[in-house]
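Engineer: Got a sequence here, can you build the structure:
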Amino acid sequence: MPAIQTHSLTKYYGKSRGVIDLDFKVEEGETYGFIGPNGAGKSTTIRLFLNLLFPSSGKAEIFGHDIIREGKKIREMIGFVPSEVNFYKYMTVKELLEYSARYYRVTLNGHYKQLVDMLEIDLHKKFEDLSMGNKKKVAVVQALIHKPRLLILDEPTSGLDPLMQSRFFNIISEENQRGTTVFFSSHILSEVEKLCHRVAIIKEGKIVREDDIDNIKSTQLSRVSIHLIAPAKPLTIKTPGVIEKRDTLDGMTFLFKGDPRQLLRDLSELPIGRISIEEPDLEEVFMHYYEDQNGEVQS
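Structural biologist: All right, here's what the predicted structure looks like:
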């Protein structure tokens with residue numbers, strides 16, 4: 001039985017688009033990435049799963065349970081880390097987590113204490129006094145306190161410093177190894193690459209591609225920035241795969257998809273002082289890989 005399955009799931013806000021005809025399946029036990037730029041429809045999809053919104057048409061099931069008719073039962077099986085965390089602000093962290101444990105009818109055991117220690121959570125602070133990052137850490141523990149079958153993460157690393165991000169990824173990997181299904185929504189490709197088996201890419205409310213993570217990575221662009229130590233005008237690079245080359249005051253920038261060895265050989269002829277090669281944002285990936293010249297989605 002799939003952990004999540006959608007059938008033409010659609011949500012409109014009046015005449016405004018939410019999500020349109022979503023059809024995808026998440027197998028139980030996998031880590032599934034749901035990626036796209038802000039405003040693409042990621043959070044709308046999650047709110048539909050959590051029964052916080054009702055679809056305009058279509059349907060979805062979580063572990064075979066309908067998201068509309070069986071919302072209460074579904075919420076008992078789910079752990080959720082939202083992009084913005086808001087709990088009872090006057091409670092201490094300890095009171096909040098004990099309250100959650102009573103709600104899920106579980107005992108705060110060694111698993112809970114291990115999570116608190118790994119994330120360095122101060123149980124005695126009031127929730128309203130916590131920083132954004134510390135609120136997010138509390139949300140992670142709260143989401144895992146009842147060992148959910150499905151963990152839904154919506155931009156979960158925002159506010160976490162690099163050390164805590166690393167610990168967070170370790171925690172999620174361990175939970176997945178125990179059998180927890182993970183639905184990981186993010187606009188940061190590098191985060192998804194660390195965890196996910198498969199990904200769906202959503203743009204303007206529609207799925208434009210669903211594939212194994214290795215296949216997604218193999219088609220990924222790189223953004224290259226070059227700074228020269230001496231003038232070299234005009235700058236030309238004949239390497240296949242250079243896209244949108246732009247001259248700057250002291251060099252050039254471009255997107256690249258091709259053989260990096262050939263690119264480095266060609267660049268070695270230039271008086272380069274500094275070079276950076278970075279992951280582009282998802283909007284650039286969409287623009288150059290999922291639309292043809294007529295703006296139609298490519299398969």
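Engineer: going forward, measure contacts and count neighbours with C-alpha atoms only.
Structural biologist: Noted.
Engineer: And the residue nearest the centre of the chain, how far from residue 262?
Structural biologist: With distances taken as Cα atoms, centre = their mean, the residue of the chain nearest its centroid is residue 186 (1.9 Å). Using Cα to Cα, to the nearest Å, residue 186 is found at 32 Å from residue 262.
Engineer: What of residue 48?
Structural biologist: Note on residue 48: its distance to residue 262, by Cα to Cα, is 47 Å.
Engineer: now swap in residue 40 and tell me
Structural biologist: 35 Å.
Engineer: Which one of the two is surrounded by more residues?
Structural biologist: More neighbours surround residue 40 than the other of residue 40 and residue 262, with 21 against 13 (other Cα atoms under 10 Å).
Engineer: So what pairs up with the residue nearest to the centre of the chain in the strands?
Structural biologist: Note on residue 186: beta-bridge partners residue 35, judged by DSSP bridges.
Engineer: I figured it hits residue 32, correct?
Structural biologist: No: the criterion here is Cα atoms under 8 Å, and residue 186 misses it with residue 32 at 10.8 Å.
Engineer: which residue packs closest to residue 278, ignoring adjacent ones?
Structural biologist: Excluding the flanking residues, the one nearest residue 278 by Cα to Cα, 6 or more residues apart in numbering is residue 223, at 5.1 Å.
Engineer: Where does the prediction get shaky in the stretch 151-299 of the chain?
Structural biologist: 216-220, 231-234, 280-299 (pLDDT under 70).
Engineer: Please enumerate the helices of it.
Structural biologist: 162-177, 189-195, 213-218, 260-267, 282-289 (DSSP state H, counting those that start in this stretch).
Engineer: how about those helices, which one is nearest residue 25?
Structural biologist: helix 213-218 (15.1 Å; Cα to Cα).
Engineer: can you tell me how far residue 194 sits from residue 83?
Structural biologist: Going from residue 194 to residue 83 by Cα to Cα gives 19 Å.
Engineer: who has more neighbours, the two?
Structural biologist: residue 83 (18 against 11).
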